[in-house]
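Asker: Need a 3D model of the following:
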Amino acid sequence: MSLISTRLVPGADRASGEHWRRQLALLNERLLLVAGGGRDAHIRRHRERGKLLARERIDLVVDDGAAFLELSPLAAWGQYGNEVPSAGVVTGIGIVAGQPCMFIANDATVKGGSFFHETVKKHRRAQEIAWRLRLPVLYLVDCGGAFLPEQDRVFPDRDHFGNNFFQQCRMSQDGIPQLSAVFGGCTAGGAYIPALSDEVIMVRGNARIHLGGPSIVKIAINETVDGETLGGAEMHTRVSGVNDHLAEDEPQALARLREIVASLPPAPLPVPPLVPRPPRHDPAELDALVPADPKQPYDVREIVARLVDGSDLHEFKPDWGAQLVTGFGAIHGQPVGILGNNGALVAEAALKGTHFIELANQRGVPLLFLQNIAGFMVGSEAERGGISKHSANLVYAVSCTRVPKLTLIVGGSYGAGNYGMCGRGFEPEFLFTWPSAQVATMSADIASNVMLELARSNLRGPADEARMAETERAVREQYQRQTDPYYATSRLWDDGLIAPSSSRDVLALALALCTRRVPPRTATPVYRM
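Answerer: Just a heads-up that it's a prediction; the model follows:
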């Protein structure tokens, strides 16, 4: 290992520091808002029914002092008039009785816990992570089913609400526990979440499960029945057998859920194979490290030095393909192979990355991609050098790697560079972003110039000049809006926006979870590039 030396003087770039202070203040403000702001009347009515909030329920289940890694807390941000905070569902990973578990908790203070398009997507993403990492899934159910005005974006397609149930059944078949605690009315699709679970807990007086509520029953078969008689906790415990455990209140239900998890075959978090060491360069400096101007270059080693143990990195090919930094290190004692961008990737950098990924596969070491990439190099010289072929080799290596992959987008993530550096479409186990992240086919400047070049070929007079100006304005506005990191996280293009200074701890937890699926080493040779 070699110590990464830093060339930065903390606090020297005051403009960048002030920029990041504003960015982090905005992030914290929005996280607080989705956690409970703006819906006081709904929360008050919720509490009057003796019910806890979704995050409070999770707090009572996870082990004392254990971390909870919440996923995509800003899902649906800026959509639906901001009336669906966190997409109406809280998901994340916490430690219960020493065992990591995935939580999927409906928030009934948001449209009665109904499912919007982003709710379905967030629910499904949590299941995918749980399936890959073999995490028990704890459903804290308080769900009104599909939000009916959104039915065409929620109900019929392959990746819509029905797929959530499909995944739940397949995970149970695969030996991954599916456990539900029911706290409110669960109608239609919401009823299937507990009904398909391995074990179910219902709270007397509040919990109900029915495929059709009293109003639907009245319309369908002209039967008049109240909700408790139709699908209450006591009926399902003593008559239908849908429920397995009757709880008198929410704390008792949550305590019973902990007992069930404690009775599962033990699968605790693994002990780090290496002795954890703090970085020699303070991770808190990450909050002001990246320049405010995205066009201003910086060395990705400065980020790595504040992430890895001891600020030590065994760098691979440091003097070749300099646009990609590769090397092996550790984060909180968890070994990791790192690929970080130092500019657009040329052929040599792409080949270097492909070679390094093969090494990580041979050694069984998870990979971390630090994305800040304008794309692969273009131009006649690059094409003669084989950039199309060599970039494809890197994409192939990323697609077929056998070890877990983590991605952290710290800056731009444009075009095919997103693919070569393990973007969302390449199924990293986790993908997090900083508030400086921008994800798009290209930057606003390049996109507007491309559109103008296309328009110029059809110029016929002054009116067309005015139309070109409007085209440039519209394209630039679209790309600036859609490359905003909150636009991306709202649509679940990532697993959450995180503060840079939190990255080391978040990545360490993710790496520890990923060790649950590291494949055994194989005898596959490494083909030199």
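Asker: what is the mean pLDDT for the longest strand seen in the chain?
Answerer: Ranked by residue count and defined by DSSP state E, the top strand of the chain is strand 405-414. When the per-residue pLDDT values of strand 405-414 are averaged, the result is 95.
Asker: That strand: what's the following helix or strand?
Answerer: Counting by DSSP states H and E, the next helix or strand C-terminal to strand 405-414 is helix 415-420.
Asker: on contacts alone, who are the packing partners of that following helix?
Answerer: If contacts are counted by 3 or more CB pairs under 8 Å, 6 or more residues apart in numbering; DSSP states H and E, helix 415-420 sits against strand 367-373, helix 387-400. Just so you know, the C-beta spots here come from the backbone N, C-alpha and C atoms, and that holds for glycine as well.
Asker: residue ranges for the helices of the stretch 351-500 of the chain, please.
Answerer: 380-384, 387-400, 415-420, 444-456, 462-482, 485-490 (DSSP state H, counting those that start in this stretch).
Asker: Quick check: which of these is buried the most?
Answerer: Burial among these, expressed as mean neighbours by mean count of other CB atoms under 10 Å, is greatest for helix 415-420, which shows a mean of 22.
Asker: give me every residue that touches Ile331.
Answerer: Counting by CB atoms under 8 Å, 6 or more residues apart in numbering, Ile331 touches Leu307, Val308, Asp309, Leu368, Arg504, Leu507, Ala508, Leu511.
Asker: so which of these comes closest to Phe432?
Answerer: Within the set of these, Leu507 lies nearest Phe432; the separation is 7.9 Å, counting by CB to CB.
Asker: for the closest one, phi and psi?
Answerer: phi -70, psi -30 (degrees, to the nearest 10).
Asker: Then the one 3 residues further on?
Answerer: Main-chain dihedrals, Ala510, degrees, to the nearest 10: phi -60, psi -40.
Asker: do you know how far it is from Phe116?
Answerer: For Ala510, the distance to Phe116 (CB to CB, to the nearest Å) stands at 27 Å.
Asker: Let me see the contact set for the closest residue to Met102 other than its chain neighbours.
Answerer: Closest residue to Met102 apart from its sequence neighbours, by CB to CB, 6 or more residues apart in numbering: Ala130 at 3.9 Å. In this structure, Ala130 makes contact with Met102, Pro136, Val137, Met171, Ile176, judged by CB under 8 Å, 6+ apart.
Asker: Am I right that Ala130 is in a strand?
Answerer: No: going by DSSP: H, G, I helix; E, B strand; the rest coil, the assignment for Ala130 is helix, not a strand.
Asker: measure it to Arg124 for me?
Answerer: 11 Å.
Asker: again with Gly412
Answerer: Remark: distance between Gly412 and Arg124 (CB to CB) = 28 Å.
Asker: likewise Met468?
Answerer: Summarising the geometry, the distance separating Met468 from Arg124, computed by CB to CB, is 42 Å.
Asker: Please point out which parts of stretch 286-295 sit buried.
Answerer: By neighbour count with 16 or more other CB atoms under 10 Å, stretch 286-295 contains the buried residues Leu286, Asp287, Ala288, Leu289, Val290, Pro291, Ala292.
Asker: Helix, strand, or coil at the first one?
Answerer: Look at Leu286: counting by three-state DSSP, its state is helix.
Asker: What separation is there between the closest residue to it other than its chain neighbours and Trp434?
Answerer: Once flanking residues are discounted, Leu286 sits nearest to Pro500: 3.7 Å by CB to CB, 6+ apart. Note on Pro500: its distance to Trp434, by CB to CB, is 5 Å.
Asker: go on, Glu302?
Answerer: Remark: distance between Glu302 and Trp434 (CB to CB) = 14 Å.
Asker: ok, these two, which is more surrounded?
Answerer: Trp434 (26 against 19; other CB atoms under 10 Å).
Asker: Wait, that one touches Val290, no?
Answerer: Yes: at 7.3 Å, Trp434 counts as touching Val290 under the criterion of CB atoms under 8 Å.
Asker: Strands along the stretch 251-400 of the chain, start to end?
Answerer: Counting by DSSP state E, counting those that start in this stretch, the stretch 251-400 of the chain has these strands, from start to end: 312-316, 324-331, 334-341, 367-373.
Asker: Go through the strand or helix carrying Gly162 and flag the buried ones.
Answerer: According to DSSP H and E, Gly162 maps onto helix 161-173. The neighbour-count criterion (16+ other CB under 10 Å) identifies Phe161, Gly162, Asn164, Gln167, Gln168, Met171 as the buried residues of helix 161-173.
Asker: can I get the CA coordinates of that helix in CSV?
Answerer: As requested, C-alpha coordinates have been extracted for helix 161-173 and formatted as CSV (Å, rounded to 0.1, in the frame of the first residue of the first chain):
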residue,chain,number,x,y,z
PHE,A,161,-47.6,-3.3,-8.5
GLY,A,162,-48.1,-7.0,-9.4
ASN,A,163,-44.3,-7.5,-9.8
ASN,A,164,-43.9,-6.6,-6.1
PHE,A,165,-46.0,-9.6,-5.2
PHE,A,166,-44.2,-11.8,-7.7
GLN,A,167,-40.9,-10.9,-6.1
GLN,A,168,-42.2,-11.4,-2.6
CYS,A,169,-43.4,-14.9,-3.5
ARG,A,170,-40.1,-15.8,-5.2
MET,A,171,-38.0,-14.5,-2.3
SER,A,172,-40.0,-16.6,0.1
GLN,A,173,-39.5,-19.6,-2.1
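Asker: ok, the residue nearest to Met102 to Gly50 distance?
Answerer: Counting by CB to CB, the gap from Ala130 to Gly50 is 29 Å.
Asker: Against which helices or strands is the helix holding Gly162 packed?
Answerer: Other helices and strands packing on helix 161-173, by 3+ CB pairs under 8 Å, 6+ apart, are helix 117-133, strand 178-182, helix 189-195.
Asker: weakest of the ones you listed by average pLDDT?
Answerer: In terms of mean pLDDT, the lowest-scoring of those is helix 189-195 (a mean of 88).
Asker: what does the helix or strand immediately after that one in the chain contact?
Answerer: Next in sequence after helix 189-195, counting helices and strands by DSSP H and E, comes strand 199-203. Judged by CB under 8 Å, 6+ apart, the contacts made with strand 199-203 from elsewhere in the structure are 179-183, 194, 209, 233, 236-237, 242-250, 252-253, 256-257, 260.
Asker: For Arg491, which of the helices and strands packed on helix 161-173 is the nearest?
Answerer: Once CB to CB is applied to the helices and strands packed on helix 161-173, the stretch that comes out nearest is helix 117-133, at 7.0 Å.
Asker: how big is the angle separating that closest one from helix 161-173?
Answerer: Counting by axes from the mean of the first three to the mean of the last three CA atoms, to 10 degrees, helix 117-133 lies at 20 degrees to helix 161-173.
Asker: Please name the strands paired to the helix or strand following helix 117-133 in the sheet, noting orientation.
Answerer: Counting by DSSP H and E, the element after helix 117-133 in chain order, helix or strand, is strand 137-141. Partners of strand 137-141 in the sheet, by DSSP bridges, are strand 99-106 (parallel), strand 178-182 (parallel).
Asker: just how off-centre is stretch 369-379 within its chain?
Answerer: Between the centre of stretch 369-379 and the centre of its chain there are 22 Å (CA atoms, centre = their mean, to the nearest Å).
Asker: Count the neighbours of Ser180 for me.
Answerer: Taking other CB under 10 Å as the neighbour definition, Ser180 ends up with a count of 26.
Asker: That one: what's it in contact with?
Answerer: Leu138, Tyr139, Leu140, Val141, Ile193, Pro194, Ser197, Glu199, Val200, Ile201.
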